[in-house]
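[1] The following comprises the amino acid sequence and a computationally predicted model.
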Amino acid sequence: MHNIAANGADIPALGLGTWTLKGAECTEMVAEALKLGYRHVDTATAYDNEEAVGAGIRTSGVARGDIFLTTKIWHTDLAPGDFRRSTESSLKRLGVDHVDLLLIHWPNPEVPLADTVGALNEARANGLTRHIGVSNFPTALLAEATRLSHAPLVVDQVEYHPYLGQSKVHAACRAAGMAMVSYCPLHRGGDLLSEKAVLDAAKAHGRTPGQIVLRWHVQQEGVVAIPRTTKKARLKENLDIFDFALSDAEMKAISALARPGSRLCDFRFSPKWD
């Protein structure tokens, strides 16, 4: 495992995504991941699993101080008073006194960004989180958020996989000293894991297609991947990507899979994408 340095944060390059994991299954997956060596767990208010994630952390036997824990505030709770209440509720559900990273989950044009970024900074100043950042912010909004924030933003968490190019956001993150965190890093399996560029690299390195795609993520400068899985066996496989490297040709061939119309997470409240 290696870590990404981003504006004072030290972020494990591979984390466990928990979107759609619920209840006992979620608790078991978090605990198992931490026992295997994961040190980065990602959740959100909207996932309705913070209590289960917190239970997984406590039953894992891994010290809280060794875990990089992220949660996110939903776009309907971005007004300052709502933001504070939502953050405190998240901490209570997680059973912790702070998270390592607190994110604005989605931008909301109906709430002034200055107000939300102010509330985000206040959460950091009050010790509710060690670091702050954003999620689903295209470059124009990212630039605005960076300008408005007193403390440095450390990540922009966005959908990213070989089918969806994010070169503009990635470049903006690097220019600002931020990491880019990839959610849905494996697309949703299926076709991506059957692409010739992925299969050829898997054969060459004696790895699974999923490991090749995750390696493609973490081999890029300042990129963190947070794959989610419902299979315990896949946890170890996903983690086992730090002892080999893809060639420049393999990286380029996988990057060349990007194509229009491949975004999985696009909603009525989504911003105008780059």
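    Yep, that arrived.

[2] make it CA atoms for all contacts and neighbour counts henceforth
    Fine.

[3] Show me what the helix or strand hosting residue 81 is packed up against.
    Assessed by DSSP states H and E, residue 81 sits inside helix 80-94. Other helices and strands packing on helix 80-94, by 3 or more CA pairs under 8 Å, 6 or more residues apart in numbering; DSSP states H and E, are helix 50-60, strand 68-73, helix 113-125.

[4] And the ones you listed: which comes nearest residue 255?
    With CA to CA as the criterion, residue 255 lies closest to strand 68-73 of the helices and strands packed on helix 80-94, at 27.5 Å.

[5] Now find how far off-centre that closest one is within its chain.
    Averaging C-alpha positions (CA atoms, centre = their mean, to the nearest Å) puts strand 68-73 9 Å from its chain's average.

[6] residues in contact with it?
    For strand 68-73, contacts defined as CA atoms under 8 Å, 6 or more residues apart in numbering pick out 11-12, 39-46, 83, 86-87, 90, 99-105.

[7] Just the buried residues from these, in PyMOL please.
    Here is the PyMOL command that selects only those of the contacts of strand 68-73 that count as buried (16 or more other CA atoms under 10 Å):
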select buried, resi 11+12+39+40+41+42+43+44+45+83+86+87+90+99+100+101+102+103+104+105
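
[8] among the contacts of strand 68-73, which are in strands?
    Within the contacts of strand 68-73, residues falling in strands by DSSP state E are 11-12, 40-42, 99-104.

[9] Distance to residue 236 added to those, as CSV?
    As requested, the ones in strands among the contacts of strand 68-73 are exported to CSV (distance: CA to CA, whole Å):
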residue, distance to residue 236
11, 19
12, 15
40, 14
41, 15
42, 17
99, 25
100, 24
101, 24
102, 27
103, 27
104, 30
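
[10] Tell me the one of those nearest residue 183?
    The closest of the ones in strands among the contacts of strand 68-73 to residue 183 turns out to be residue 42 (CA to CA; 9.8 Å).

[11] who does that closest one bridge with?
    When assigned by DSSP bridges, residue 42 has beta-bridge partners residue 17, residue 70.

[12] Surely it touches residue 17?
    Yes. The criterion here is CA atoms under 8 Å, and residue 42 meets it with residue 17 at 5.1 Å.

[13] What residues does the residue minimising distance to the centre of the chain make contact with?
    Geometric centre of the chain, nearest residue: residue 181, 4.3 Å, by CA atoms, centre = their mean. Taking CA under 8 Å, 6+ apart, we find residue 181 in contact with 155-158, 223-226.

[14] hmm, 10 Å instead?
    11, 13-15, 135, 155-160, 170, 173, 217-218, 222-226 (CA atoms under 10 Å, 6 or more residues apart in numbering).
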